[in-house]
Every structure is written in C-alpha cells, then in structure tokens.
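In: Based on what follows, work out the 3D shape:
(2 chains)
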Amino acid sequence: MRSFKPFTWAFLVPLFLTLFACGKRLPVTYKSPLVGKTRVCKVAILPFSNESGYPMGGVLLYRVFLAEMVTKRGYQVVGEGDVRKVIIQQRSMPGQTPDYEFYKVLVESLGVDAVVTGRVIQMEEVRKGREIEPKVAFWLEVRDARNGKVIWNTYNRKRGGDYRKLMHFGVISTVTALARRMCDEVLRDWEREGLEGCEK
Amino acid sequence: MKGWLGRVIRVTSLFLLFAGTALAGRMALLPLADLSQGANSVNLPLTKVLFHELEKRGFEMVPEREVLSFLARHRIRWTGYIDEFNVLGMNREIGADLVLLGTVTQWGGIGDSVGMVLYLIKADGNRLVWSRTSAYSRWDVRHLLGLGDAKSINDLVPRVLDDLLATLPNGVRRFASALPLCDAGGGLVVPRYAKGGEVVTCSVKLRCMGEIPTSVYLKLGSGGSLIPMEKVGSRYVAKWKAPMEDGRYPVSLVLEWNHGSGRKREFFLSSYWVDNSPPRFALELKKGVLLGGKVVFRHHIVMLPRFSHPEPLSRWSIEIVDRKGGTVVDEHGEGNLPRVLVWRGQTSGGNLLNVGDFTITLRVWDRAGNVASASKQVLLRRAPPKVTVEALREGKRVEIRVDGNNGDVPLSYWRLVVRDKKGTLLKEVEGKGLPARLEIPANGDKEVMCTVEARDLLGNRVKMVNKTLKVVTMREKKEQKGKWVEEF
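Out: Numbering: from 1, shown residues only, chains lettered A, B, ... in the order given. A predicted model of the protein is given here:
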C-alpha cells in the first residue's frame, strides 16, 4: 500500500478544509410553510431596531436597505417619511412590536402588501493590523401586511474580508458598503426563493 | 413656400416646447442628514458640494435659500426623510418636480470613510424613483508607490459623488398638483375602543396649502354614513354614537372644495373598535396547600390569571379583604397584568400578617372599559404548631405523652428525643400524627431532658432543645392542675 509523504499531507489537509469545511451559506432565509411564490407590489419598511451598539446602526442599515430595495425596481417602496407619519399617528412606541391593528392601518393608509421589519445584531469596524474590517449581522423579516404574520425571515452576517477575491481585491472596508452588499444579497436571495415584485 | 416655412416653424416650436417640458424638471436638494453626528444633524458643507456637482451636471436646481426657507416655514427638522404632504408642498411652493434627499452614513471614524445614501422622489405620485449607496475609505484608494492616495476624507468625496451621481436620471415632466393640498395632522379618535352606544369623538387638525376646504366630513366604515365636522378653534371635531355590534370601524376623512365642484379628497384617518364583551378569565393559585376546598399558605401565594381569549387590558386592580371585610391589600396598575402576581401575606403598607382568612379579588378592564373579576378564598397560617409534652410515672413505668396541633392545619411530622440528666439517650421517636404515648425505662430520675420538634403541612415548625421535664405521678398531676405541664 502506498503511503503519503508528510509534504503531501501538508498540501492535502488545507485543501480539504478549504473545499469542504465551510459553514452554512449566508444569508439564510426561512419561509413560512404556507407560502409559495409571493407577489409584492408596495412595500413599507418599518424602522429597524439597533442591538449592536454602533451609533445609529439601525438607521444606517434601514436607509441602505431602502435604497437597495428601490434599486431593485420590482417593488414600489413607501418613503421613510410616510411610514414614520403612520407610526406617529398610531402612537406606536419605538422598539415595541406593532400589533395587528397597526398593520391594518398601514394597509389602509399606505396600501402596502408587505412590511419589512429588521434588527441590527452586529455592526462594527475593527482595526486588523493596518486594515479596517467592518462586521455586520442582521435579521430581516417580511410580514404579510394584512395580518402582520412573518412570511420570510432572513439572517445575514458578514465581514469585509468575506468578499476577498485575491490579495486585497474585493475586500470591503466600510460598514456602509458592506451593508449595501449584504442587503443586495438578501434581496437576491428573496427573489431566488420566490418573492417577486410586480413592476417588472 | 410661405405656408411650408410656417409649418416648419410651428412643428419646430412644438417640438422644442415638448422637449422643454419633458426635460424641465426642477430638483430640490434637501440638506443631507449626517448619522455620524447623531440623530438630528445635517451636513451643510457636503450638501453645498453636492448641489454644485448637480448644477455642473446640468440639473435644474431649486435654489438653496428657497429650500431652507420651505423647511423653516413647515418646521421640518429632520431631513433624512420627507412625507408625501411635504413633497407635494415643495412642488407647489417652490416648484420642485424632484426631491433629492440623502444621508451621510459615515464621515471619518476609525476607517477614515465617507458613506452616503441618496434617494430621489418624484413629486408626481410621491414615488421613490431612484436611490444609490456609495462608500469609500482611505484604504480603498491606494495606488502603487502611494501616488494619488487619499490624504484625507475630503479627497474621497468626489469619488463618492461620482459613484452616486453616475446613474441619477435627469428630466421629468413638469408637474403641478391639481387640488389644494391638505393633510390631517394629529387625527385623534377617542376612545379607540368603545362600548356599543358610547359617544366617540374625532378631532383633526388640518395642514393645508392653498385653499382651505369648504366642507370636512368623516366617513365611517366602507360606504358608511357621512358625519360633518365642526370647526372648533384650529381643529375639526365630530361626535357620534358607536354602533352596537362588535368589530373594527375604519374612519376616513373627506375634504371638499366648493360642494358639487368635484374637487374632493378622501383618505384613511384612523379606526376604532366596538367591544361589548368583558374579558373571560379564571384566577389560579399556586404555592398553597388545598385543605377542605380552600388554599392555605404560610409564606407566599402566586396568583395566575388564565384568560380564555387573551386581549390587551387598560388597567387592573387586586383587592384582598379579611373575614370582617377590612381591606388589607388594594393595588392598581395600568395596562396589562404583570406576568405573575405574588402575595407574601403583607398589607399594602408592608405590615406582616400572621393568621387570617382572606378573599382575593382580581378585577381587569379591557380597552373598552368592560370589567371582569375573579375571586378566591385563601387562609394564611404562619403560627408554629403548639406541642405539649408530659412525663407520668405509673408504678415502675414512665410514660411520655406528646400532644399538639396547629388549628386547622394538620401536623405532618414530629420527633421526640428523651435523655436522662446525664445525657444518655432513653428514647427517640418520630411520627406523623399526634397525640402519641411512649414508654421510657424508669431509672428513678425526677427529671428528664426532652428535645421536641414538630412541623405542620405548610412547613410551620417548632423546635425545643433539651427542655427539662419533671416526671410526676397522676396524683401530683391532679394537684398541680396543669402547672407542671410543660408547654412549648
């Protein structure tokens, strides 16, 4: 029987680990079992909660996600000002889980089909040698605007270095750019899983 | 020939006019919100840079002073977002067909980064038509031998703006909103949850630009009745009786300019609920012992309200009264009940109660004011058991008699240890019920040492250690008439 030399092992083990020792693919999307393809025309995005400690992290991700959703063109996205107006009119407290009534009002006053809620779990920029590495993690939920029930639930967590292609190429070094890239991934994932806009 | 020339001139003029209107949209740039400075900050220097960049790229911009004047007039303090009313207001007052607003997401920081998000809103239909995010750090701008590297974050700004504005669409049709603008600021329906027949009041403050509506109505439900609103001070008010049937009733506001002219606007305002049924719940008690159909406790009792159809509550109260009807606890709370209610046998003032029979009454009010209550009787028994021990000599025998109880709470355990004066163990017995009799070897001593311990079902406990007990005869016992009985 032929035995491998130490040099061969030193080459094979890292190769094996590189190819097969990957974790779960992110973003991860969980769908309600009752939901098949979902067609969404008008979407309202509720302000995201910030659990990360990064100053204004919730607003940052909110605005980046809103921008990405508008860019997708399939959806008609309600502006932040109009969403905030309903929140103020309904006296919904920040951080409080909106009740069924709140969603009814959203449908009646804005005519939305779906509502996106989210929370930022991690957002930071860490100095790594001479580089700055941003880290972002968040949960996003798509709710049926008629009843507020969650129909999609997505988790995404990335570091700037996750996008490295070769040497320094591809590395993302700002929280904003990383958030933009991650939001884009989530929207692509939703599209792949069957969430469709209606303006295509 | 003359006619031909005239036609050419007319067609050319029409084309130029059409092209002019098609691409003549004016853009208003709102001051950029700056998240790096906190929630309410704006970055005016960067706004100016963006403004000039847009002008350079051929966009027809609404002058900055007009935009700032509009913001001041309408008391708009946050610029990262804008609602429909203000978008249409900008269209009407300063002729903005497009509103560009943005947020500086990063400015400096440990990464020396600049990040921005821009949105473009079209006044016609209040639609978000374009958006873009861009961010760079100094680390992103590195070249061979450091040539052309960004020295500061100001060097990153042109790069970010180039990236952002590369796809910004230019040219929209001129748009002017036809109707006078009105928006309901602070529309209030009171109560939001009413009983059937209760008077409901709606009060609205209108924000209007241009002509004020001549008639203001409320429309109840889809296709429901119209109720005219009266102007009271700066608000419009209407009152009506809630229908008797349970359910949710949407309320819409109808504005009319000159009745019959067709100039009318209707929009959803709020909703209210009619609820005639009180909450249904049962009060469950934990941590007590059930004796004779009543819950008895020593230290504390846990009250768990179980709702058959849980619903939000407006308030609740808990009242505990003793057998004579005196209130020992009277507590109230707003909103939903706490997850657990615990009573430690104390009054509302904090005094510890020892023994007593009490009735606990929990009342809850739902959001419409329907009240429901549930009561339970509990017995508080905190006193230790009473135990008596006597030693009787009958001839050569010495009998120890142990008796005790704790009222209506039975004993669960007792233990007796008898030693002579020298400490020699004579007897050690334990059991569950009293009275009990036991014999000890008679050695002629006039006294014995006893250690007695007793506990009731609730855990109330008494323990006497090395108590001296006189050994008496029946005759001496009768003579002493109980004086000799050692009572613990």
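In: for chain B, what are the nearby residues on chain A?
Out: Contact residues (Cβ under 8 Å from any Cβ of the partner chain) of chain A with chain B: A:55-56, A:59-60, A:63-64, A:66-68, A:70-71, A:76-77, A:79-82, A:84-85, A:89, A:99, A:101, A:104-105, A:108-109, A:125, A:127, A:131-132, A:134, A:173-177, A:179-180. Placement of C-beta: from N, CA and C, glycine included.
In: all strands of chain A, in order?
Out: For chain A, the strands defined by DSSP state E cover A:28-31, A:38-40, A:42-45, A:49-50, A:76-77, A:114-128, A:131-144, A:150-159, A:195-197.
In: can I get those in JSON lines with mean neighbour count and mean pLDDT?
Out: JSON lines is the format used below for the strands of chain A (neighbours: other Cβ atoms under 10 Å in any protein chain shown; pLDDT from 0 to 100):
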{"stretch": "strand A:28-31", "mean neighbour count": "16", "mean pLDDT": "80"}
{"stretch": "strand A:38-40", "mean neighbour count": "18", "mean pLDDT": "78"}
{"stretch": "strand A:42-45", "mean neighbour count": "22", "mean pLDDT": "93"}
{"stretch": "strand A:49-50", "mean neighbour count": "20", "mean pLDDT": "92"}
{"stretch": "strand A:76-77", "mean neighbour count": "22", "mean pLDDT": "92"}
{"stretch": "strand A:114-128", "mean neighbour count": "19", "mean pLDDT": "91"}
{"stretch": "strand A:131-144", "mean neighbour count": "22", "mean pLDDT": "91"}
{"stretch": "strand A:150-159", "mean neighbour count": "19", "mean pLDDT": "90"}
{"stretch": "strand A:195-197", "mean neighbour count": "19", "mean pLDDT": "79"}
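In: Give the PyMOL command for selecting the buried subset of the residues of chain A next to chain B.
Out: Selection command for PyMOL covering only the buried members of the residues of chain A next to chain B, criterion 16 or more other Cβ atoms under 10 Å in any protein chain shown:
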select buried, chain A and resi 55+56+59+60+63+64+66+67+68+70+71+76+77+79+80+81+82+84+85+89+101+104+105+108+109+125+132+134+173+174+175+176+177+179+180
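In: Mind telling me which residue of chain A is nearest chain B?
Out: Residue nearest to chain B within chain A (Cβ to the nearest Cβ): residue A:176, separated by 3.1 Å.
In: What helix or strand is the nearest residue to that residue once chain neighbours are set aside located in?
Out: Excluding its sequence neighbours, the residue lying closest to residue A:176 (Cβ to Cβ, 6 or more residues apart in numbering or on different chains) is residue B:115, at 3.1 Å. Assessed by DSSP states H and E, residue B:115 sits inside strand B:113-122.
In: Could you list the low-confidence segments of the chain?
Out: This is for chain A. Applying pLDDT under 70 to chain A flags the ranges A:1-24, A:33-37, A:94-96, A:167, A:199-200.
In: I was after chain B.
Out: For chain B, applying pLDDT under 70 flags the ranges B:1-24, B:143-148, B:171-180, B:186, B:222-223, B:259-261, B:480-488.
In: Domains in it, by residue range?
Out: For chain B, automatic domain parsing gives the domain ranges B:2-165, B:181-274, B:281-381, B:386-487.
In: Say whether chain A is contacted by the shortest one.
Out: Think domain B:181-274. Yes - contact of domain B:181-274 with chain A (Cβ under 8 Å from any Cβ) involves B:186, B:187, B:248, B:250, B:267, B:268, B:270, B:271, B:273.
In: tally of neighbours for the closest residue to chain A within chain B?
Out: Using Cβ to the nearest Cβ, the closest approach of chain B to chain A is made by residue B:115 at 3.1 Å. For residue B:115, the count of nearby residues is 28 (other Cβ atoms under 10 Å in any protein chain shown).
In: Tell me how far it lies from residue B:76.
Out: According to Cβ to Cβ, to the nearest Å, residue B:115 and residue B:76 sit 24 Å apart.
In: Could I get the full set of helices for the chain?
Out: With no chain named, the answer covers chain A. Per DSSP state H, chain A carries helices over the ranges A:6-20, A:57-71, A:80-89, A:100-110, A:175-193.
In: Oops, wrong one, chain B.
Out: Counting by DSSP H, the helices of chain B are B:2-22, B:44-56, B:64-73, B:84-94, B:157-165, B:474-480.
In: got a list of what residue B:298 touches?
Out: Shown in contact with residue B:298 (Cβ atoms under 8 Å, 6 or more residues apart in numbering or on different chains): B:380, B:381, B:382, B:458, B:459, B:460.
In: now, which of these sits nearest residue B:70?
Out: Comparing the contacts of residue B:298 against residue B:70 with Cβ to Cβ places residue B:380 closest, at 69.2 Å.
In: and residue B:85, how many neighbours does it have?
Out: By other Cβ under 10 Å, the residues close to residue B:85 number 21.
In: An error on my part: the question was meant for residue B:345.
Out: Residue B:345: 23 surrounding residues under other Cβ under 10 Å.
In: where does it fall, phi/psi-wise?
Out: Here is the backbone geometry of residue B:345 (degrees, to the nearest 10): phi 70, psi 40.
In: thinking it is in contact with residue B:382, fair?
Out: Yes - if you go by Cβ atoms under 8 Å, residue B:345 and residue B:382 touch, sitting 6.6 Å apart.
In: got any residues that touch both of those two?
Out: By the contact definition Cβ under 8 Å, 6+ apart, residue B:345 and residue B:382 are jointly contacted by residue B:353.
In: Quick one: residues contacting residue B:296.
Out: B:288, B:289, B:290, B:378, B:379, B:380, B:381, B:408, B:409, B:457, B:458.
In: now do 10 Å
Out: Counting by Cβ atoms under 10 Å, 6 or more residues apart in numbering or on different chains, residue B:296 touches B:288-290, B:357, B:378-381, B:408-409, B:456-458.
In: next one: residue B:161
Out: Residue B:161 is in contact with B:46, B:49, B:50, B:53, B:54, B:57, B:114, B:116, B:118, B:134, counting by Cβ under 10 Å, 6+ apart.
In: biggest separation within the residues you listed, which pair?
Out: Using Cβ to Cβ, the pair of these lying farthest apart is B:57 and B:114, separated by 19.2 Å.
In: Pull out the buried positions in stretch B:421-431.
Out: Residues B:426, B:427 are the ones in stretch B:421-431 that count as buried (16+ other Cβ under 10 Å).
In: ok, residues contacting that stretch?
Out: With Cβ under 10 Å, 6+ apart as the contact definition, stretch B:421-431 has outside contacts at B:398, B:400, B:402, B:411, B:413-420, B:436, B:438-443, B:445-451, B:453-454, B:466, B:468.
In: What about chain A: which of the residues you listed touch it?
Out: The subset of the contacts of stretch B:421-431 within reach of chain A, by Cβ under 10 Å from any Cβ of the partner chain, is empty.
In: Restricted to buried residues, select those in PyMOL.
Out: In PyMOL, a selection of the buried entries from these looks like this (16+ other Cβ under 10 Å):
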select buried, chain B and resi 398+400+402+411+413+414+416+417+418+419+420+436+438+440+445+448+449+450+453+454
